[in-house]
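Trainee: need a 3D model of the sequence below.
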Amino acid sequence: MSTNPLNGFVDRAARERNVDPLLISAVITDFLRELHERIFKDGGYGLLLPEIRFQCGEEALYHFCGILIESAGDDAGDFSGMVNESIARCGYRLGRFRTVVDQWKMEKQWDEEDRLADRQADQSDR
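Mentor: Numbers count the residues shown, from 1 in each chain. Predicted structure coming up:
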């Protein structure tokens, strides 16, 4: 697990867009607040899916759904199936963004292999 989970995202995004980091932070906070309020008041995420796609694009929708699925964890039953069904009912074809997650899986595996090799090297030094 990373010691800096977002790897300085706000500062990096601000530099890339030549804006103040406070602007990036404010926009993200406003967006998350709006999402939270809508989910709370509407009783779920379903009505948000078309709106996220309309306002932010399909890749943002794909990652939002990924956050829902990942945060549910292994004990969620068929929650991921419900999210995927909601996406399909909306007619979205988001599978093309799967390559991003496939890359993350490889990177995670490499990180785990590196940590294991480091641990083994530490043990052999003793």
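
Trainee: can you find the helix or strand in the chain with the smallest mean pLDDT?
Mentor: Ranked by mean pLDDT, DSSP states H and E, the weakest helix or strand in the chain is helix 79-89, scoring a mean of 72.

Trainee: can you show me the CA trace of it as CSV?
Mentor: C-alpha atoms of helix 79-89 as CSV (Å, rounded to 0.1, in the frame of the first residue of the first chain):
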residue,chain,number,x,y,z
PHE,A,79,-23.4,-5.3,-5.4
SER,A,80,-20.9,-5.2,-8.3
GLY,A,81,-23.4,-7.0,-10.5
MET,A,82,-26.0,-4.4,-9.6
VAL,A,83,-23.7,-1.6,-10.5
ASN,A,84,-22.7,-3.2,-13.8
GLU,A,85,-26.3,-3.9,-14.6
SER,A,86,-27.1,-0.2,-13.9
ILE,A,87,-24.4,0.8,-16.4
ALA,A,88,-25.6,-1.6,-19.0
ARG,A,89,-29.3,-0.4,-18.6
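
Trainee: what's in contact with that helix?
Mentor: 45, 46, 49, 61, 65, 68, 69, 72, 94 (Cβ atoms under 8 Å, 6 or more residues apart in numbering). Any C-beta I mention is one placed from the backbone N, CA and C, and that applies to glycine too.

Trainee: which of these tops the neighbour count?
Mentor: residue 61 (23 neighbours; other Cβ atoms under 10 Å).

Trainee: hang on, that residue packs against residue 49?
Mentor: Yes - if you go by Cβ atoms under 8 Å, residue 61 and residue 49 touch, sitting 6.3 Å apart.

Trainee: give me the helices and strands touching whichever strand or helix holds residue 99, please.
Mentor: Taking DSSP states H and E as the definition, one finds residue 99 inside helix 98-125. The criterion is 3 or more Cβ pairs under 8 Å, 6 or more residues apart in numbering; DSSP states H and E, and there are no helices or strands that helix 98-125 contacts.

Trainee: contacts only, for residue 51.
Mentor: With the criterion set at Cβ under 8 Å, 6+ apart, residue 51 makes contact with residue 38.

Trainee: tell me the SS of it?
Mentor: helix (DSSP: H, G, I helix; E, B strand; the rest coil).
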